[in-house]
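[1] Return a 3D structure for these sequence lines:
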Amino acid sequence: MIDYFESPEGAAPPAELFCSEKPLYVLASHRHRDHFSPAVLTWQEKKDDIIYVFSSDIANRPKGCIVLSPGEVYEDGALRISAFGSTDEGVSFALECGGSKVFHAGDLNDWHWTGESTEEEMAAMQQAFEEILANIAAKYPAFDLACFPVDPRMEGDYARGAKEFLARVRCRVFVPMHFWGNFSAAAAFAPAALAAKARFFCPQAPGDCLTLDE
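    The predicted model follows:
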């Protein structure tokens with residue numbers, strides 16, 4: 001589970017998470033309330049073998065929590081988690097498990113706020129994003145699944161970062177996120193994902209699931 005939070009719609013985590021005989025990994029990329037909920041700390045009451053992996057900016061951590069900053073790696077034989085930078089708070093995550101590679105951006109994006117950001121601020125953001133993206137692409141030129149922000153609040157620049165990401169990193173499946181319930185805006189990114197030869201999956205409601213094939 002990555003960046004679980006309690007949405008207004010009240011989508012709860014799948015009950016099978018707590019019934020599995022396998023350990024449950026709970027990752028949080030940063031402290032923003034749309035990426036981290038203290039509710040995940042109560043899951044220890046439902047399952048004994050939970051491994052928490054949090055960004056170092058999150059102060060509310062359970063005992064034994066693995067804390068990662070950009071450039072650090074956690075590995076236990078079943079899962080490898082590499083932390084990369086973010087252009088906002090915390091980190092982004094690359095995960096390797098059973099031969100599959102998954103990327104979760106957290107708040108990594110080429111954030112451009114037209115009418116709010118100055119030209120200097122946008123240039124600095126662009127540079128910071130490109131540096132982090134180059135680091136990711138050098139170590140992971142391809143992912144089986146990538147979750148990346150497609151944020152309609154940036155209006156005309158809403159897909160800027162996602163397009164740059166797909167231009168540098170091959171993705172078998174692309175999943176938009178951070179679109180604040182605007183499912184039509186998220187779905188509008190489909191042609192760009194398909195043009196990058198990525199399968200596109202857009203959730204239609206909170207709690208929607210995707211199962212990767214072999």
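
[2] Any idea what the residue nearest the centre of the chain is bridged to?
    Most central in the chain under Cα atoms, centre = their mean is His104, positioned 2.7 Å from the mean C-alpha point. Under DSSP bridges, the beta-bridge partners of His104 are Phe93, Cys147.

[3] That one reaches Ser29, doesn't it?
    Yes. If you go by Cβ atoms under 8 Å, His104 and Ser29 touch, sitting 6.7 Å apart. Where you see a C-beta, it was placed from the backbone N, CA and C, and this is true even at glycine.

[4] between the two, what contacts are shared?
    Residues within reach of His104 and of Ser29 at once, by Cβ atoms under 8 Å, 6 or more residues apart in numbering, are Ile2, Asp3, Ser92, Phe93.

[5] tell me what whichever strand or helix holds Glu120 is packed against?
    Per DSSP states H and E: Glu120 is located in helix 119-139. Counting contacts by 3 or more Cβ pairs under 8 Å, 6 or more residues apart in numbering; DSSP states H and E, helix 119-139 packs against strand 80-84, strand 92-97, helix 160-168.

[6] swap the cut-off to 7 Å and go again
    strand 80-84, helix 160-168 (3 or more Cβ pairs under 7 Å, 6 or more residues apart in numbering; DSSP states H and E).

[7] about what we covered before: distance of the residue nearest to the centre of the chain from Leu95?
    Distance of His104 to Leu95, computed by Cβ to Cβ, to the nearest Å: 7 Å.

[8] Mind listing the shared neighbours of these two?
    Residues touching both His104 and Leu95 (Cβ atoms under 7 Å, 6 or more residues apart in numbering): there are none.

[9] Can you pull out the residues in contact with the lowest-mean-pLDDT helix or strand in the chain?
    Of all helical and strand segments in the chain, the minimum by mean pLDDT, DSSP states H and E falls on helix 183-187, at a mean of 87. Helix 183-187 is contacted by residues Val150, Pro152, Tyr158, Pro176, Phe179, Cys202, Gln204 when judged by Cβ under 7 Å, 6+ apart.

[10] Thr118: neighbouring residues, count only.
    Look at Thr118: counted by other Cβ atoms under 10 Å, it has 9 neighbours.

[11] Could you check the pLDDT of it?
    Per-residue confidence (pLDDT) for Thr118: 86.

[12] Repeat that for Asp213.
    68.

[13] Could you do Cys19 as well?
    pLDDT, read off for Cys19, is 80.

[14] what does Asp49 give?
    pLDDT for Asp49: 92.

[15] and it, how many neighbours?
    Neighbours of Asp49 (other Cβ under 10 Å): 11.

[16] Please name the nearest non-neighbouring residue to it.
    Counting by Cβ to Cβ, 6 or more residues apart in numbering, Asp49 lies nearest to Pro23, which is 4.4 Å off, once chain neighbours are set aside.

[17] Let me know how buried the one you found is, in neighbour terms.
    Pro23: 13 surrounding residues under other Cβ under 10 Å.
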